[in-house]
Each structure stands twice: as structure tokens, then as C-alpha cells.
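1. Here is a sequence with its predicted model. Questions after.
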Amino acid sequence: MRYAIVIEKGPTSFGAYVPDLPGCVAVAKSAAEAKKLIAQAVSLHLEGMREDDLPIPDPSTECEYVEV
């Protein structure tokens with residue numbers, strides 16, 4: 001499965017989250033590190049959901065950019 005991620009630059013770090021998996025987050029010093037950590041977080045998040053017999057949501061978030 002492919003889940004959309006969002007990476008945001010903060011004042012001193014980068015945060016990442018997965019809109020389709022509430023609570024699945026990561027924080028890092030760089031965007032590249034945040035991307036790596038959120039990929040690991042998704043795997044762990046899904047593993048935990050499976051262990052708890054929770055339904056795994058299908059990816060549904062779409063990402064687009066607009067030119068302004």
C-alpha cells in the first residue's frame with residue numbers, strides 16, 4: 001500500500017504525518033530524515049493495528065499541487 005505523507009518545516013525541525021493514519025507521526029532535523037522516519041512509523045503503526053485486530057484503512061488521501 002502507498003500512503004500519502006505530509007512533511008512540514010517548523011522553526012527548528014521537520015514534522016511528518018500520514019493523513020490516513022491518525023497518530024502516525026515523525027519529527028527530525030531534516031526533511032530527508034523525516035521521510036525516512038515516517039516510513040518506519042507507518043510500518044510500526046500498521047503492525048500495531050494488526051496486533052490489536054483493528055481494521056487497516058485503505059489509502060484514500062490524494063495529493064496535488066496548484067500553481068499560483
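-> Perfect, thanks for sending it.
2. centroid residue for this protein?
-> Nearest residue to the geometric centre of the chain (CA atoms, centre = their mean): Val18, 3.1 Å.
3. my guess is that residue meets Val42, correct?
-> Yes: under the criterion of CB atoms under 8 Å, Val18 makes contact with Val42 at 6.0 Å. From N, CA and C alone the C-beta is placed, and that goes for glycine too.
4. anything in contact with each of those two?
-> Taking CB atoms under 8 Å, 6 or more residues apart in numbering as the contact rule, Val18 and Val42 both touch 3, 5, 24.
5. Just those: which are in helices?
-> Secondary structure assignment (DSSP state H) places none of the shared contacts of Val18 and Val42 within helices.
6. Serialize those to TSV and add fields for distance to Leu54 and neighbour count.
-> Output for those, formatted as TSV (distance: CB to CB, whole Å; neighbours: other CB atoms under 10 Å):
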residue	distance to Leu54	neighbour count
Tyr3	15	19
Ile5	20	21
Cys24	13	21
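7. residues in contact with Ser60?
-> Asp20.
8. Next, it: phi, psi?
-> Main-chain dihedrals, Ser60, degrees, to the nearest 10: phi -130, psi -10.
9. got it, and Ala26?
-> In terms of degrees, to the nearest 10, the main-chain angles of Ala26 are phi -150, psi 150.
10. Let's see the pLDDT reported for it.
-> At Ala26, the model reports a pLDDT of 98.
11. how close does the closest residue to it other than its chain neighbours get to Glu67?
-> Leaving aside its sequence neighbours, Ala26 sits nearest to Leu37 (CB to CB, 6 or more residues apart in numbering; 3.8 Å). Separation of Leu37 from Glu67 (CB to CB, to the nearest Å): 30 Å.
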